[in-house]
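**Student:** fold the following for me, if possible:
(chains A, B, C and D)
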Protein chains: 2
Amino acid sequence: MANDFSYKDKKVITIGIVRDLTGLSERQIRYYEERKLIFPERSSGGSRKYSFADVELLVEIANKIEDGVQTHEIRKEMLRAQKKQNQDDLRRKMIQGQLNAQFGLRKGPSS
Amino acid sequence: MANDFSYKDKKVITIGIVRDLTGLSERQIRYYEERKLIFPERSSGGSRKYSFADVELLVEIANKIEDGVQTHEIRKEMLRAQKKQNQDDLRRKMIQGQLNAQFGLRKGPSS
DNA sequence: CAAACATGTGAGGTTTCCTAACATGGTTTT
DNA sequence: AAAACCATGTTAGGAAACCTCACATGTTTG
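**Tutor:** Residues are numbered from 1 along each chain as shown, chains lettered A, B, ... in the order given. Predicted coordinates:
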């Protein structure tokens, strides 16, 4: 229904390409996964698959590490940011629910 | 300067993923390349790399073939379409040149 | 009917990816 | 300071993914 999530989030890039795209070593990329900073999907055979969003995230992570931030700290930041995001999403959804209850169409024209 | 070409056109997808995304066989994908309908890049080691745009094009090609159109015919269509596109691009660029000559700023504020 | 088309399949070989382990030079922590 | 942890490199052995080439086949098309 909402938000046909597209190119940016599709997990279709193998680790070698990610290496080329980011300039990181495969070792680093896998290590950041081990530290739960990044979550590739897997092919049936077990190969990692990343999205462009993942690639961008990896670059951000690498920058922070270069600034002396530890993976552990980065992870906490990310959890905090994500929690806030979830709260915001929920709030938005509840407001939308209210609007639908008041004005929403039943069997309305589905654009 | 113009049009930071992004996700959709970056060649980062290996043939196995393209197979999964399109439902075509690798044989078909390679054959359409042989018939000059699609142009993947190559990794240093020789592996093919496709873009999302390529994936969409492959689906279109497959549909036409399913409708009985031959690769040879599809190629002609594509060349025709591309030629028109080039003409349009050129025209647009010339008009833009005229505008710049008349109103364009030298050393103007760069957005 | 001969040639071309579109696709499957198999062989043999190279590239890419996987995990696991050990090495190392910096930082903390005790 | 010794022990522990951090981030990364490197190596080994093995499996998955990819490559080209060739042959087979059923289906158009000239």
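**Student:** in chain A, what residue lies closest to DNA strand D?
**Tutor:** In chain A, the residue found nearest to DNA strand D is residue A:45; the distance is 2.1 Å by CB to the nearest atom of the strand. Heads up, the C-betas are built off the backbone N, CA and C, glycines and all.
**Student:** need the three-state assignment for that residue.
**Tutor:** On the three-state scheme (DSSP: H, G, I helix; E, B strand; the rest coil), residue A:45 is labelled coil.
**Student:** enumerate every residue touching it.
**Tutor:** Remark: with contacts taken as CB atoms under 8 Å, 6 or more residues apart in numbering or on different chains, residue A:45 is in contact with nothing.
**Student:** now do the phi/psi pair for it.
**Tutor:** phi -80, psi -10 (degrees, to the nearest 10).
**Student:** repeat for the one 10 residues further on
**Tutor:** Here is the backbone geometry of residue A:55 (degrees, to the nearest 10): phi -60, psi -40.
**Student:** and the residue lying closest to it once chain neighbours are set aside, what element?
**Tutor:** Closest residue to residue A:55 apart from its sequence neighbours, by CB to CB, 6 or more residues apart in numbering or on different chains: residue A:21 at 5.3 Å. Of the helices and strands defined by DSSP states H and E, residue A:21 is found in helix A:15-22.
**Student:** any part of that helix near DNA strand D?
**Tutor:** No - taking CB under 7 Å from any atom of the strand as the criterion, helix A:15-22 and DNA strand D are apart, separated by no less than 10.0 Å.
**Student:** tell me which other helices or strands the next helix-or-strand element following that helix touches.
**Tutor:** Scanning forward in sequence from helix A:15-22, with DSSP H and E defining helices and strands, the next element found is helix A:26-34. When contacts are defined as 3 or more CB pairs under 8 Å, 6 or more residues apart in numbering or on different chains; DSSP states H and E, helix A:26-34 packs onto helix A:15-22, helix A:52-66.
**Student:** pull helix A:26-34 out as CSV, backbone CA atoms only.
**Tutor:** What follows is helix A:26-34, C-alpha atoms only, in CSV (Å, rounded to 0.1, in the frame of the first residue of the first chain):
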residue,chain,number,x,y,z
GLU,A,26,36.1,-7.0,3.4
ARG,A,27,37.5,-7.7,6.8
GLN,A,28,36.2,-4.4,8.0
ILE,A,29,32.8,-4.9,6.5
ARG,A,30,32.4,-8.3,8.1
TYR,A,31,33.7,-7.0,11.4
TYR,A,32,31.1,-4.2,11.5
GLU,A,33,28.5,-6.9,11.0
GLU,A,34,29.9,-8.9,13.8
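**Student:** how many neighbours does residue A:39 have?
**Tutor:** Residue A:39 sits with 11 neighbouring residues when counted by other CB atoms under 10 Å in any protein chain shown.
**Student:** how near is the closest residue in space to it that isn't next to it in sequence to residue B:14?
**Tutor:** Spatial nearest neighbour of residue A:39, chain neighbours left out: residue A:33 (7.1 Å); criterion: CB to CB, 6+ apart. Distance from residue A:33 to residue B:14, counting by CB to CB, to the nearest Å: 19 Å.
**Student:** over to residue A:57?
**Tutor:** From residue A:57 across to residue B:14, the span is 21 Å (CB to CB).
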